[in-house]
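1. next comes the sequence, and after it the predicted model I'd like to discuss.
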Amino acid sequence: MNLDLERIIIDEIEISRRVKELGRDITKEYQEKETLLICILRGAVFFFADLCRAIDIPILMGFVSLSSYKDGTTSSGKVEERQKLMADVKGKHVILVEDIVDTGLTLEGYGANLLSRGALSVKICALLKKPEQKHDIDIAFKGFDIENRFVVGYGLDYAEHYRNLPYIGILKKEIYS
Ligand code: 5GP
């Protein structure tokens, strides 16, 4: 285990098992639909790559960067579009793939934005969900509920570090305080 972590909360085997289940759920629900999966960069990158390969229907892929966090460990309260979506959402069933939903601020409004651009439907697939969700968003496909602590690994970072850990763990408080 990386020594900056307090403990691992989800290991590689659990992640892989759950991602395959989510892939099967999406496969069942999106038969015969033109489906576009959008990766919310950068935290969802490994989740997105594994999830797409667990889906057994033709899909399209898009990438966008939205962020309500800067380099810290608490939400700044402001969503910033750092990198624009290049894929055309018109006439597509969209699944937004996110690493973690905390307050829900990042995704609130973005779904409506995609619908106004012609998406036929927009659903959210999030690997992790914290208990503090304040904004009104529905997570159609959810990996795990976790406690309200700052986690890193499997794409999630702290100031760009720890993304390549193959598991998800709680960062020791002394690392960021
Ligand atoms: P929300 O808008 O739901 O409050 O925040 C979602 C975004 O905040 C995530 O995409 C992620 O970038 C960041 N975030 C929230 N909680 C954590 C956490 O525990 N660890 C990391 N690394 N990022 C987090």
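-> Looks like it came in fine.
2. what does the biggest helix by length in the chain contact?
-> As assigned by DSSP state H, the longest helix anywhere in the chain is helix 12-29. Helix 12-29 is touched from outside by 35, 47, 50-51, 53-57, 95, 125, 127, 141, 143-144, 154, 166-168, with contacts defined as CB atoms under 8 Å, 6 or more residues apart in numbering. Every residue, glycine included, has its C-beta placed from N, CA and C.
3. please apply the same query to stretch 50-59.
-> Taking CB under 8 Å, 6+ apart as the rule, stretch 50-59 contacts 15-16, 19-20, 22-24, 26-27, 30-31, 35-37, 61, 97, 125.
4. recalculate using a threshold of 10 Å.
-> Contacts with stretch 50-59, where a contact means CB atoms under 10 Å, 6 or more residues apart in numbering, come from 15-16, 18-37, 39, 44, 61, 92-93, 95, 97, 125, 127, 141, 143, 154-155.
5. wait, residue 134 sits on residue 102?
-> Yes - at 8.9 Å, residue 134 counts as touching residue 102 under the criterion of CB atoms under 10 Å.
6. which one's more surrounded, the two?
-> residue 102 (20 against 11; other CB atoms under 10 Å).
7. from residue 138, how far off is the more buried one?
-> In this view, residue 102 and residue 138 are 16 Å apart by CB to CB, to the nearest Å.
8. so what's the residue nearest to the spatial centre of the chain up against?
-> What sits nearest the mean C-alpha location of the chain, by CA atoms, centre = their mean, is residue 98, with 1.5 Å. By CB under 10 Å, 6+ apart, the contact set of residue 98 is 38-40, 43-44, 47-48, 66, 104, 106-107, 110, 124-129, 137, 139.
9. cool, residue 64 as well?
-> Residue 64 touches 38-41, 81-87, 96, 110, 114, counting by CB under 10 Å, 6+ apart.
10. just the pLDDT at the residue nearest to the centre of the chain, thanks.
-> Residue 98 is assigned a predicted lDDT (pLDDT) of 97.
11. strands of this structure, residue ranges please.
-> In the chain, the strands defined using DSSP state E lie at 5-10, 35-41, 60-67, 80-83, 93-101, 121-129, 139-145, 151-152, 168-171.
12. partner strands of the fifth one and their direction?
-> Translated: strand 93-101. According to DSSP bridges, strand 93-101 has the following sheet partners: strand 35-41 (parallel), strand 121-129 (parallel).
13. tell me which parts of the chain are close to the ligand?
-> Selection of the chain residues close to the ligand by CB under 6 Å from any ligand atom yields 43, 68-69, 75, 98-106, 150-152, 156-158.
14. mean confidence for stretch 113-130?
-> Rounded mean pLDDT across stretch 113-130 is 95.
15. do the same with stretch 139-154
-> Mean predicted lDDT for stretch 139-154 stands at 97.
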